[in-house]
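J.: Quick check, what structure comes out for this input:
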Amino acid sequence: MVVRRPPSMRDVAREAGVSVKTVSNVVNGAAHVRPATRDRVQVQIEALRYRPQVVGRQLRRGRTGTVALAVPGIEQPYFADLAGRLVEAARRRGLTVLIEQTDGDLARERDVADGYPSRYADGLVFSPLTMPEAELERRGHGTPVVLLGEHGGGADVDRVGTDSVAIGAEATAHLVATGRRRIAMIGMKARSRTVMLQRVTGYRQALTDAGLPHDPRLERQVDEWNHEEGERAAALLMAEHRDVDGIFAANDALALGALTALHRSGVGVPDDVAVVGVDDISEARYSVPPLTSVAIDRAAIAEHAVELLTSRLEDHTLPPRTMLAPHRLVRRDST
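T.: Coordinates of the predicted model:
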């Protein structure tokens, strides 16, 4: 078997009857190449199927053409979908994405903040859960960083966030509007998370606005925001408070787990208890019944993050910027 080498810039130059420098000028979009010469070179580029050595060009510019994305868990539907959208947004700008999973572990988040894996990338998109804001500002490298989410909102860096207070308030207000009066919240955590605290704040705010009492016993704690914890919390909640007629879950995974617990307890949804989640992951459309959820525009988050990062790469003197992604309530049969 004969292995043919890929065509080189020298091959294109020979076939087009020009110098290698002229081919380089055409490939790099130099303006001073005569149109007829440019056309002749382009014909040979296509005929030979020549592809420029992108990595070499980028390295000569001091860039790798890669962006690092560090998230708590790529297996979580929200972050899996977000990662896919960020890959698409980066690809449209000629960038490749490297993905690192931190598991929300403080030591791993510190590694990310200290330059891994961003040492191999031009910039870092980072969704921290546990790192103090002061540490995020004192990160041990000069790579441009864009933070995702509410955590680290006080750090003096670029960030793309969501209004989680408004999200919690809108979800709870929707339950109130459907006639619910004993509304529980699933998603409290012993280890404080900014997004959790903000969604709880929104939940309490909506109860107050509706003139409903705030009962701390209806704020249920979980270890993680996953299906299993949602099921466990909802089962305990209904065993202790059968008068609950609405549940606001801090994310869709918890809400889907709650639906399972309610079904197993013989509780009708939405006749007996209405349920609202957050994130609008794909599973929400196919649960039984389909889950009402506050959809966060993950495509906007990805676009904003890449936009902030690429503009920062072009101009390091820009002041820190914050962009908010929109959200909207998606009504389905669970309410």
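J.: which residues of the stretch 101-250 of the chain fall in strands?
T.: 123-126, 145-148, 158-161, 183-188, 219-221, 246-249 (DSSP state E, counting those that start in this stretch).
J.: Pick the most buried one from those strands.
T.: Among the strands of the stretch 101-250 of the chain, ranked by average contacts under mean count of other CB atoms under 10 Å, first place goes to strand 246-249 (a mean of 31). Just so you know, the C-beta spots here come from the backbone N, C-alpha and C atoms, and that holds for glycine as well.
J.: Taking the centroid of the chain, which residue is nearest it?
T.: residue 82 (4.0 Å; CA atoms, centre = their mean).
J.: So that one versus residue 127, what's the distance?
T.: 8 Å (CB to CB, to the nearest Å).
J.: if I look at residue 65, how far off is residue 85?
T.: As judged by CB to CB, residue 65 and residue 85 stand 19 Å apart.
J.: Please apply the same query to residue 243.
T.: Taken as CB to CB, the span from residue 243 to residue 85 is 41 Å.
J.: ditto for residue 213
T.: Per CB to CB, residue 213 is found 40 Å from residue 85.
J.: State the next helix or strand along the chain beyond the helix or strand where residue 302 lies.
T.: Element membership of residue 302, judged by DSSP states H and E, is helix 298-314. Scanning forward in sequence from helix 298-314 by DSSP H and E, the next helix or strand is strand 322-324.
J.: Contacts made by that next one with the rest, please.
T.: Counting contacts by CB atoms under 8 Å, 6 or more residues apart in numbering, the residues outside strand 322-324 that touch it are 153, 158-163, 304, 308.
J.: domains for this protein, by residue range?
T.: Residue ranges for the structural domains of the chain, counted by automatic domain parsing, are given in the record as 9-52, 66-162+298-327, 164-296.
J.: For residue 334, find the nearest of the ones you listed.
T.: With CB to CB, the closest approach to residue 334 among those belongs to domain 164-296: 4.5 Å.
J.: Endpoint to endpoint, the closest one covers what distance?
T.: The first residue of domain 164-296 is 10 Å away from its last residue (CA to CA, to the nearest Å).
J.: now the helices for the stretch 51-200 of the chain?
T.: Shown for the stretch 51-200 of the chain, the helices assigned by DSSP state H, counting those that start in this stretch span residues 54-60, 77-91, 106-113, 133-137, 164-177, 194-209.
J.: picking that back up, mind putting the domains of the chain in TSV, distance to residue 334 and mean pLDDT included?
T.: What follows is the domains of the chain, written out as TSV (distance: least, CB to CB, whole Å; pLDDT from 0 to 100):
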stretch	distance to residue 334	mean pLDDT
domain 9-52	50	87
domain 66-162+298-327	17	88
domain 164-296	5	96
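J.: Out of those domains, which is closest to residue 335?
T.: Closest among the domains of the chain, using CB to CB: domain 164-296, at 4.3 Å.
J.: chain center to the closest one, what's the gap?
T.: 22 Å (CA atoms, centre = their mean, to the nearest Å).
J.: do the same with stretch 162-177
T.: With CA atoms, centre = their mean, you get 20 Å for stretch 162-177.
J.: now what about that stretch, what contacts it?
T.: Looking at stretch 162-177 with CB under 8 Å, 6+ apart, the contacting residues turn out to be 149-150, 183, 185, 194-195, 198-203, 205-207, 209-210, 212, 246, 248, 250, 274, 276-278, 292, 294, 296, 301, 324-325, 327, 329, 331, 335.
J.: Pairing partners for residue 67 in the sheet, please.
T.: residue 97, residue 123 (DSSP bridges).
J.: quick thing: my sequence starts at 14, can you match it?
T.: Right, with 14 as the first residue, what we last looked at is residue 80.
J.: That one against residue 134, yeah?
T.: Yes - here residue 80 reaches residue 134: they are 5.5 Å apart, a contact under CB atoms under 8 Å.
J.: between residue 226 and residue 98, which one's more packed in?
T.: residue 98 (19 against 9; other CB atoms under 10 Å).
J.: ok, the residue nearest to that one when sequence neighbours are not counted - contacts?
T.: Nearest non-adjacent residue to residue 98, counting by CB to CB, 6 or more residues apart in numbering: residue 315, 3.9 Å away. When contacts are counted by CB under 8 Å, 6+ apart, residue 315 touches 95, 98-99, 101-102.
J.: Cheers, nothing more for now.
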